[in-house]
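Colleague: coords below, sequence missing:
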């Protein structure tokens, strides 16, 4: 059997943490998984910078422990226990071609996903049209629909940065201890989709620019964190990264070809180009623990 995770949600876990979680589940009776997650957050200190429960991180962590056989969670009541996207009625955008230049798109903006309906639409768009399909939420995250006066153009989502990434870590110049402490200030552009019938020049780079501003604003509002660096992975065999370069992102090199959870190097993936975008000039000083 696999070793108990030594850390979860940014804090020490191990055997002691596992015992605490099992005890809370036993005491929970008929409580929902969400309530168990909140109790675990309080007990183990899975709290964000504002002292609030890391609900999304707890959900992912507890589900991982459940699937690994370490704990037994109560049956999911919303039909989402299998990890599939919550099924809600979706009003699909019209598949009519949209062409031209980004300057011709009136009221182009990013609308943050806040409600069950828009969350279902975002999930459905990614599942149907993005080559990676679904995205399991991890840690802090924020998602947007790309819209204009005429409707929906696509979707974009941001979440937790890679745990370890050699080319990024060397470029930043931080130690393992600094990375563990400050990684929350790096945000990963996890998904980016322009719908296939939308062929508008310079749209992707404009959306990336809008996303950079939105992430800073919304992470501060939602989590009390001000990110200083964005990162993203581009599958070089499929994409050239032109939109990222046009939006002033920098290519650092390539990943080692392992997934986020592949700590034992069992699952080889195609190496991806690693792009970064600095949100502050002094990002290195911040990420290495110096004062802003």
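Modeller: On my side now, so go ahead. Remember, predicted model here, so these are calculated numbers, not experimental data.

Colleague: Is residue 159 bridged to anything, and to what?
Modeller: In this entry, residue 159 is beta-bridged to residue 188, by DSSP bridges.

Colleague: pLDDT score assigned to residue 65?
Modeller: On the pLDDT scale, residue 65 is placed at 88.

Colleague: Spit out the contact partners of it.
Modeller: 5, 18, 21, 71 (C-beta atoms under 8 Å, 6 or more residues apart in numbering). Yep, even glycine has a C-beta here, placed from its N, CA and C like the rest.

Colleague: ok, how many other residues are close to the closest residue to residue 95 other than its chain neighbours?
Modeller: Computed as C-beta to C-beta, 6 or more residues apart in numbering, the closest residue to residue 95 that is not its neighbour in sequence is residue 197, at 5.3 Å. Around residue 197 there are 14 other residues, counting by other C-beta atoms under 10 Å.

Colleague: Now do the contacts for residue 197.
Modeller: If you count contacts by C-beta under 8 Å, 6+ apart, residue 197 has them with 95, 96, 97, 98.

Colleague: State the number of residues packed around the first one.
Modeller: Other residues lying near residue 95 total 10 when counted by other C-beta under 10 Å.

Colleague: what do you get for the second one?
Modeller: Taking other C-beta under 10 Å as the neighbour definition, residue 96 ends up with a count of 9.

Colleague: With the third one instead?
Modeller: Counted with other C-beta under 10 Å, the burial measure for residue 97 works out to 9 neighbours.

Colleague: circling back to that earlier point, check the gap between the residue nearest to residue 95 and residue 124 for me.
Modeller: Counting by C-beta to C-beta, to the nearest Å, the separation of residue 197 from residue 124 is 16 Å.

Colleague: And the contacts of residue 65, which is closest to residue 57?
Modeller: Residue 57 has its nearest neighbour among the contacts of residue 65 in residue 5, at 12.6 Å by C-beta to C-beta.
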